[in-house]
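1. below is the sequence, then the predicted model.
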There are 2 protein chains.
Amino acid sequence: MTAVITAFESSPDKGRGLARDMRVRWALEEVGQPYDVRLVSFAEMKQPAHRALQPFGQIPTYEEGDLALFETGAIIFHIAERSAGLLPGDANERARAIMWMFAALNTVEPPVVELEQAGYLAEDKPWLEELQTILEGRARARLSELSNSLGGAEWLEREFSAGDLMMVIVLRRAEGTGLVEEYPNLSAYVARAQARPAYRRAFAAQLAVFTDR
Amino acid sequence: MTAVITAFESSPDKGRGLARDMRVRWALEEVGQPYDVRLVSFAEMKQPAHRALQPFGQIPTYEEGDLALFETGAIIFHIAERSAGLLPGDANERARAIMWMFAALNTVEPPVVELEQAGYLAEDKPWLEELQTILEGRARARLSELSNSLGGAEWLEREFSAGDLMMVIVLRRAEGTGLVEEYPNLSAYVARAQARPAYRRAFAAQLAVFTDR
């Protein structure tokens, strides 16, 4: 039974790979699991049929036989748990890889997304710039700590894992702010991940939604 | 080997159970795993010794033999995976319980914490109230969706899991905003979880850090 994920019919990022289906596609490519995609419009995402799958009206979802999941962390963990390639075999190394998935989603992503969202939540406010300066300071502090932790290593732990996949995708969300570029080891880390064949295949697949029209 | 967690020597919440060690203590109590606590000061949390364990300079951490973890999601998942009581045995139900852990940490917690943090990040700004109104609207939208998803059920899925534990703790972070109280089913859900013996033991243990002085 081939898994089916949902993705934006018309992603606001126009295929730059910043929508959340990209991370799931990448995970599927890393483990070599085939998948189908069902595209949904913004209007459909807010309808009861989609909300029955995703109560918060977002993409992606993941359906496979009797199982329906949302939340990219959970979807990727599910994929990673059943196939080799995204989680180490050693129990302690596996726990640390899972730890980095949570760190990406709960410690690094929130300040990055908060900064991004200020631009449209408060876009017409005279104090937008002042708010953005404050939020930029917070995001920078987190990235600085992450940069120190990564140091000169290739990946967050001994080998590439779902933790790196999630962290790299979260760092990409800061594109355009110039924040990641302040830390050359983080820029290099993102570039290293983007050079992976599985990343490239996933990127091409999500871009094709736009270019194949 | 008894696991050791870290907690605030002097928590800013004065023992109201809002610091992040509470959720780990609760998980440990649910599965009946004994643990030790090492208290750290704010100054110590920012030192290299603690940052080697927790690169972002926060609590809690979890140490057990050769394994050192941070991120409450990862710590609780590690605890839940090795003992009965926090994750269902059925594979699909287990995946859904893990999904709710991620939903709590990546979908519900960010807008709740963002609203809370505005109060001190922008405390001296004339536009603070305007910002809080915007952020309150966002947090309310998420809670409304969560309330619709929970409906009249006792727990998020068929039985109590680590997903409920995390969601309830995240909802407690909204205390004082009045937002959870707008949804009677969410209030009742939080109260139901707080009545669990394991919750009560964990709450008493973190409070004792203050009252036993």
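-> Nice, I can see it.
2. isn't A:R158 right up against A:E93?
-> Yes: between A:R158 and A:E93 there is a contact under C-beta atoms under 8 Å: 6.6 Å. C-beta here means a position set from N, CA and C on the backbone, and glycine is covered the same way.
3. what about those two, which has more around it?
-> Neighbour totals were compared for A:R158 and A:E93, and A:E93 leads with 16 against 13 (other C-beta atoms under 10 Å in any protein chain shown).
4. so what's the more buried one up against?
-> Contact analysis of A:E93 by C-beta atoms under 8 Å, 6 or more residues apart in numbering or on different chains lists A:E157, A:R158, A:E159.
5. then A:S41?
-> Counting by C-beta under 8 Å, 6+ apart, A:S41 touches A:E9, A:S10.
6. 6 Å instead?
-> Neighbouring residues of A:S41 by C-beta atoms under 6 Å, 6 or more residues apart in numbering or on different chains: A:E9.
7. A:R96 too?
-> Counting by C-beta under 6 Å, 6+ apart, A:R96 makes contact with A:E157.
8. now do the SS call for it.
-> State at A:R96, reduced to three classes by DSSP: H, G, I helix; E, B strand; the rest coil: helix.
9. and it, how far is that from A:E159?
-> Relative to A:E159, A:R96 is positioned 11 Å away (C-beta to C-beta, to the nearest Å).
10. sorry, back to before: possible to save the contacts of A:E93 as a markdown table with distance to chain B and secondary structure?
-> Shown next, in a markdown table, are the contacts of A:E93 (distance: C-beta to the nearest C-beta, whole Å; DSSP: H, G, I helix; E, B strand; the rest coil):
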| residue | distance to chain B | secondary structure |
| --- | --- | --- |
| A:E157 | 12 | coil |
| A:R158 | 14 | coil |
| A:E159 | 17 | coil |
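11. what's the burial count for A:E44?
-> 15.
12. mind listing what it touches?
-> A:H50.
13. name the SS class of the residue nearest in space to the middle of chain A, please.
-> Geometric centre of chain A, nearest residue: A:I169, 4.0 Å, by C-alpha atoms, centre = their mean. A:I169 carries the three-state label helix when classified by three-state DSSP.
14. what of A:G57?
-> Secondary structure assignment for A:G57 (three-state DSSP): coil.
15. what residues does chain A put near chain B?
-> A:55-56, A:66-67, A:69, A:71, A:73-74, A:78, A:92, A:95, A:98-99, A:102-103, A:105-107, A:110, A:114, A:121, A:127, A:134, A:145, A:149 (C-beta under 6 Å from any C-beta of the partner chain).
16. for the longest helix anywhere in chain A, packing partners?
-> With secondary structure taken from DSSP state H, chain A has its longest helix at helix A:128-150. Using 3 or more C-beta pairs under 6 Å, 6 or more residues apart in numbering or on different chains; DSSP states H and E as the contact test, the elements touching helix A:128-150 are helix A:109-121, helix A:184-194.
17. mind listing what's buried in it?
-> Buried positions in helix A:128-150, judged by neighbour count with 16 or more other C-beta atoms under 10 Å in any protein chain shown: A:128, A:131-132, A:135-136, A:138-140, A:142-143, A:145-147, A:149-150.
18. okay, angle between that helix and helix B:109-121 too, please.
-> Going by axes from the mean of the first three to the mean of the last three C-alpha atoms, to 10 degrees, helix A:128-150 is angled at 110 degrees with respect to helix B:109-121.
19. how far off centre is helix A:128-150?
-> 19 Å (C-alpha atoms, centre = their mean, to the nearest Å).
20. now the residue sitting furthest away from the middle of chain A: phi and psi?
-> Farthest-out residue of chain A from its mean C-alpha position, per C-alpha atoms, centre = their mean: A:P126, at 31.5 Å. The phi and psi values for A:P126, taken as degrees, to the nearest 10, are phi -70, psi -20.
21. got a list of what it touches?
-> With contacts defined as C-beta under 6 Å, 6+ apart, A:P126 has no neighbours.
22. show the pLDDT at it.
-> At A:P126, the pLDDT value in this model is 97.
23. was I right about A:A193 contacting A:M166?
-> No: contact criterion C-beta atoms under 6 Å: A:A193 and A:M166 do not qualify, at 10.5 Å.
24. what about these two, which has more around it?
-> Neighbours were tallied for A:A193 and for A:M166 using other C-beta under 10 Å; the higher tally belongs to A:M166 (28 against 21).
25. and the more buried one, backbone torsions?
-> Main-chain torsions, A:M166, degrees, to the nearest 10: phi -70, psi -40.
26. got a pLDDT number for the residue nearest to it when sequence neighbours are not counted?
-> Spatial nearest neighbour of A:M166, excluding adjacent residues (C-beta to C-beta, 6 or more residues apart in numbering or on different chains): A:A104 at 3.9 Å. Looking at A:A104, its pLDDT stands at 98.
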